[in-house]
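> Mind folding the following:
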Amino acid sequence: MTQDATASPDLLRPLVIFGGTSFASLAAHCLQHDAGRRVLAFTVDRAYLDGGTMDGLPVLPFEDLPRHVPPGQCELLITLGYRRMNGLREERCVQAQAMGYALGSFVSRYARVWPDTPIGENVMVFEQAILQSHVRIGRNVIVRAGANIGHHSSIGDHSFIASGVVTGGNVAIGRNCFIGLGAVVRDGVRIGDRCFIGAGAVVTADTEADAVYVGNPARRAAKTAREVTR
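Okay, here's the model as predicted:
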């Protein structure tokens, strides 16, 4: 399911945020003060439940969430980062939907996104990010503040684009990718699935799947993407 990036918050259900870190706190603050969305609570796996509240909101065990907030009463937003090449966030999205929850999304009103850009489930686009014309963005994608995604580019499902990333036009970023702070991807480049691009890297040629690239120009490192995001 996709939603219009300009949909009125009054037409959307309240949210529960999955996560207990500062990133979850950031997402909740943005949803409340930028998007005008109501956040009911945070939720985490019971093993990580170490306190009753965060930012004045209850923190609930994920395994028992339907008992506290039934699926029909809210949406979930999974705010986990790029651990295991975004695999952990992907797993929790699948689990949440199996429990009957719809997944929400967030597009900052301070981002620049064309109104016909389809926004899928569990997508977050933060302030000053730019998605140029004809950009295609998959499900469960995070685009952090100040990223600039060039025209006719695509971002595969379950990817994380860090702050300050710049791509040229016609770039294809695969599934479960991570593009680090301030990285630059030249126009027409294809980033392989599950690829890790380090902070500040300048990618001038296609990359292989499951690999790590660092430097300017970017070169393949010895470790795999899974090894650096355990």
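
> tell me the centre residue of this protein?
Here the mean C-alpha position of the chain is nearest to the C-alpha of Ile142 (Cα atoms, centre = their mean), at a distance of 2.1 Å.

> For that one, give its distance to Pro217.
26 Å (Cβ to Cβ, to the nearest Å). Any C-beta I mention is one placed from the backbone N, CA and C, and that applies to glycine too.

> my read: Gly192 touches Asp206, true?
Yes: using Cβ atoms under 8 Å, Gly192 is in contact with Asp206, at 7.4 Å.

> And the two? Which one has more around it.
Gly192 (18 against 12; other Cβ atoms under 10 Å).

> residue contacts, that one?
174, 206-211 (Cβ atoms under 8 Å, 6 or more residues apart in numbering).

> Need the nearest residue in space to it, chain neighbours excluded.
Ala209 (3.6 Å; Cβ to Cβ, 6 or more residues apart in numbering).

> which ones are touching the one you found?
174, 192-195.

> Quick one: the residues you listed as TSV, columns for distance to Val69 too.
Putting these into TSV (distance: Cβ to Cβ, whole Å) gives the following:
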residue	distance to Val69
Gly174	35
Gly192	39
Asp193	34
Arg194	33
Cys195	36
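
> that older thread, the residue nearest to the centre of the chain bridge partners, please.
Met124, Phe160 (DSSP bridges).

> I'd say it and Met124 touch.
Yes: counting by Cβ under 8 Å, Met124 is a contact partner of Ile142 at 4.9 Å.

> Beta-bridge partners for the nearest residue to Asp206 once chain neighbours are set aside, please?
In space, and not counting its chain neighbours, Asp206 is closest to Arg190: 4.5 Å by Cβ to Cβ, 6+ apart. Here Arg190 sits in beta bridges with Ala172, going by DSSP bridges.

> Look up how far Cys177 lies from Arg190.
Applying Cβ to Cβ, the value for Arg190 to Cys177 is 11 Å.

> who's more crowded, the two?
Neighbours were tallied for Arg190 and for Cys177 using other Cβ under 10 Å; the higher tally belongs to Cys177 (27 against 16).
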